[in-house]
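# next one to model:
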Amino acid sequence: RAAGLGRGALSAGGSRAQHVHPFALSGGRRHVGSAGHRFAHPPHPGARDGDGKNQAHSELNGGSPMSDTRAFLLFHISAYPKAELNDLFKALYQSAFGCEHLVADASAAEAYIASEAAHARPHAGEIVEPLDGPYVRVHLDILKKGLSAQTLARLFALSAEHRAGAQTEFEKKLAVLTGMVRQGELPFDASECERAVSAWRAAGFPPCHHSETFRQAYAPAYRLMKAEYAPLLPLLCELDGRLAHGRRTTLAIDGPCGSGKTTLAALLAQLYDCPVFHADDFFLRPEQRTPERFAQPGGNLDRERLREEVLLPLHEGKPVCYRRFDCHSLTLQPPVTVAPAMLSIVEGSYCLHPELSPLHDVSVCLSVSPELQRARILARNGREMAQRFFDRWIPLEQAYFDAMKPQERCGFIISSDSISYINGEIRYESASF
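Sure, this is the predicted structure:
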C-alpha cells in the first residue's frame with residue numbers, strides 16, 4: 001500500500017482527562033471526544049499468568065511489544081482461526097520489517113486510504129492490533145472514530161524505516177514458527193511448512209500477501225505504524241475531528257521537564273504542518289525574578305506575556321507577534337510574526353496554569369517516572385547542568401503540579417514512560433500505565 005508524508009472537544013479548564021494506553025483507553029476519567037474508541041486488545045491466550053509479567057497486552061519483554069513470538073502466534077491463530085500458513089508468515093514479516101517496503105507513491109496515499117476505508121467491511125476485532133515487534137496494525141475503522149486519512153497516511157509514512165537487525169529478528173521468529181508446527185502447536189503440516197520457508201528464503205524473503213481464505217473470512221483493511229504512535233491515537237482523533245469541522249484549535253502540552261513535551265510537539269508539527277510555541281521562550285526576565293514571584297506556584301513562567309503575545313491572538317485567529325527570551329543574554333529578542341493556523345501548539349511546563357487554560361481548546365499532560373526523568377535529564381543536559389534541574393527547577397515544577405493540578409484538568413494524560421526519545425526521535429519503551 002502506498003503512503004505519503006505531505007505538509008500541509010473539551011477545553012483544558014475543568015475538563016476531565018482521558019488516560020491514554022497504547023492499546024486501550026484506560027483510567028477512570030472519561031473524555032467526551034474519545035468515548036466509544038475501541039483500542040483495547042486482549043492478552044495472548046498463550047501468555048503465562050504467573051506474576052503477570054507476561055501479560056502480552058500490557059507488558060513487554062526486552063522493550064518490544066508482543067516479543068514472545070510463541071504467545072503471539074498462539075494468539076494470532078486463535079483470533080484468526082481461518083488463517084493459513086502464509087498469513088502467519090505475513091504477520092511475522094510485518095512484525096520485523098514493518099512497512100518499509102510499502103511506501104511508494106506519496107501523492108496517492110491519502111486518497112487510497114480513504115477509498116479503501118469507504119469500501120471496507122466493519123472490523124470485528126480491535127482497532128489497534130499489536131504485532132510481535134515494534135509495530136501495530138491499525139484497522140481503517142479508526143477513520144470512523146475521527147482520525148483523518150491524511151493523518152493515518154502520514155503516520156504510516158513516518159513508520160517506514162529500515163531497522164538494523166530486523167533480518168536477524170525475522171529469522172528467529174520464523175524459527176519459532178517452524179518449531180511450533182513441528183511440535184503440533186499450530187495446525188499446519190510440518191513438511192509443507194518447511195518447503196514453504198525454504199522457497200521463501202531462496203527467493204530472498206519478498207513481501208507476502210494474505211491468503212484468499214483470510215481475505216474472504218476477515219476482509220483485512222489496515223495500515224501498519226510504529227507501536228510508539230499508538231498512545232497518541234485518541235488525541236489525534238480528537239484533533240482531526242475538530243479540524244474536520246473547521247474548528248480553529250490551540251493544543252497545550254504540559255508536563256514535568258524530561259517528559260517529552262518538545263518531542264511530542266515536534267511530531268505533531270510534522271503531522272499537521274502547524275506552528276509550535278515553546279514556554280521556554282517565556283522565562284522570567286531578570287527584573288521579574290523576585291522571591292515573591294518564585295513563591296507562586298507556576299511563577300517561573302512569564303505567563304502574562306505568553307497570554308498576551310501568543311494565546312490571545314491564537315484565540316482570536318490573529319497573527320502572533322511575540323518575542324523570545326534569550327537565556328544567554330537574558331534579554332528579549334526582536335519580534336517574530338507567525339501567521340494564524342487551524343492548529344497551533346503551545347508546549348512547556350506551566351502552560352496549563354489556570355490563568356492560561358481558558359485559552360486552550362485541547363490539552364495534554366504528560367507524566368514521567370522519577371527514574372526516567374532523571375535518566376533523560378542527565379543524558380540531555382550533562383551532570384553539572386542536570387544538578388540545577390534536580391535542586392531548583394524540578395521542585396518549582398512539583399510545587400506547580402501539587403497546587404494547580406493540571407493533570408486533573410487536562411483533556412488527555414499520556415504516560416511518558418510509554419514513549420521515550422533518542423536523538424530527537426520518539427522510541428517505544430513500555431506499555432505499562
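
# pull out the buried residues from stretch 243-253.
Buried residues in stretch 243-253, counting neighbours by 16 or more other CB atoms under 10 Å, are found at 243, 248-253. Placement of C-beta: from N, CA and C, glycine included.

# please read the previous query as pertaining to stretch 109-121.
Neighbour-count burial for stretch 109-121 flags 109-110, 112-114, 116-117, 120 (criterion: 16+ other CB under 10 Å).

# can I get the residues you listed in JSON lines with secondary structure and distance to residue 262?
Converted to JSON lines, the buried residues of stretch 109-121 look like this (DSSP: H, G, I helix; E, B strand; the rest coil; distance: CB to CB, whole Å):
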{"residue": "109", "secondary structure": "helix", "distance to residue 262": "28"}
{"residue": "110", "secondary structure": "helix", "distance to residue 262": "28"}
{"residue": "112", "secondary structure": "helix", "distance to residue 262": "33"}
{"residue": "113", "secondary structure": "helix", "distance to residue 262": "29"}
{"residue": "114", "secondary structure": "helix", "distance to residue 262": "32"}
{"residue": "116", "secondary structure": "helix", "distance to residue 262": "35"}
{"residue": "117", "secondary structure": "helix", "distance to residue 262": "33"}
{"residue": "120", "secondary structure": "coil", "distance to residue 262": "37"}
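
# tell me which of these is nearest to residue 320?
residue 110 (28.7 Å; CB to CB).

# for that closest one, give its distance to residue 175.
Here residue 110 is placed at a distance of 38 Å from residue 175 (CB to CB, to the nearest Å).

# for residue 285, same thing?
Between residue 285 and residue 175 the distance is 63 Å, computed by CB to CB.

# residue 304 too?
In this view, residue 304 and residue 175 are 63 Å apart by CB to CB.

# kindly report the same for residue 91.
As for residue 91, its distance to residue 175 is 15 Å (criterion: CB to CB).

# neighbour count for the two, which is higher?
Shown here are residue 91 and residue 175; by other CB atoms under 10 Å, residue 91 has more neighbours (25 against 12).

# re the thing from before, mind giving me TSV with the buried residues of stretch 243-253 and columns for pLDDT?
Below are those laid out as TSV (pLDDT from 0 to 100):
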residue	pLDDT
243	97
248	97
249	98
250	98
251	98
252	97
253	97
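
# I'd like to know which of the residues you listed is nearest to residue 167.
When the buried residues of stretch 243-253 are compared for distance to residue 167 (CB to CB), residue 253 comes out closest, at 37.1 Å.

# the closest one - that's part of a strand, no?
Yes - according to DSSP: H, G, I helix; E, B strand; the rest coil, residue 253 belongs to a strand.

# test my guess that it contacts residue 264.
Yes - checked against CB atoms under 8 Å, the pair residue 253 and residue 264 is within contact range at 5.9 Å.

# ok, now how distant is residue 259 from residue 253?
In this structure, residue 259 and residue 253 are separated by 9 Å, where distance is defined by CB to CB.

# and residue 405, how many neighbours?
Taking other CB under 10 Å as the criterion, the count of residues near residue 405 is 14.

# correction: residue 408
Counted by other CB under 10 Å, the residues lying close to residue 408 total 14.

# confidence score at the residue of the chain most remote from its centre?
Distance from the centre of the chain peaks at residue 191, with 41.6 Å (CA atoms, centre = their mean). You'll see residue 191 listed with a pLDDT of 97.

# let me know the next secondary structure element after the helix or strand containing it.
When elements are defined using DSSP states H and E, residue 191 is found to belong to helix 190-202. Sequence-wise, the next helix or strand downstream of helix 190-202 (DSSP H and E) is helix 212-218.

# neighbouring strands for the helix or strand following that next one, and are they parallel or not?
For helix 212-218, the following helix or strand on the C-terminal side (DSSP H and E) is strand 222-226. In its sheet, strand 222-226 lies beside strand 135-139 (antiparallel), with partners assigned from DSSP bridges.

# could I get the partner strand in CSV with only the CA atoms?
These are the backbone C-alpha positions of strand 135-139, laid out as CSV (Å, rounded to 0.1, in the frame of the first residue of the first chain):
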residue,chain,number,x,y,z
TYR,A,135,4.7,-2.2,15.0
VAL,A,136,0.9,-2.4,15.2
ARG,A,137,-1.8,-2.9,12.7
VAL,A,138,-4.3,0.0,12.8
HIS,A,139,-7.6,-1.0,11.2
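
# on contacts alone, who are the packing partners of the next helix or strand after it?
Towards the C-terminus, the helix or strand next in line after strand 135-139, according to DSSP H and E, is helix 149-158. Here helix 149-158 is seen to pack against helix 109-119, strand 222-226, helix 233-244, helix 261-272 when contacts are counted using 3 or more CB pairs under 8 Å, 6 or more residues apart in numbering; DSSP states H and E.

# show me the shaky parts of this protein.
Within the chain, the segments meeting pLDDT under 70 span 1-67, 100-107, 418-433.

# if we use 50, what do you get?
By pLDDT under 50, the low-scoring segments of the chain are 1-16, 20-66, 420-433.
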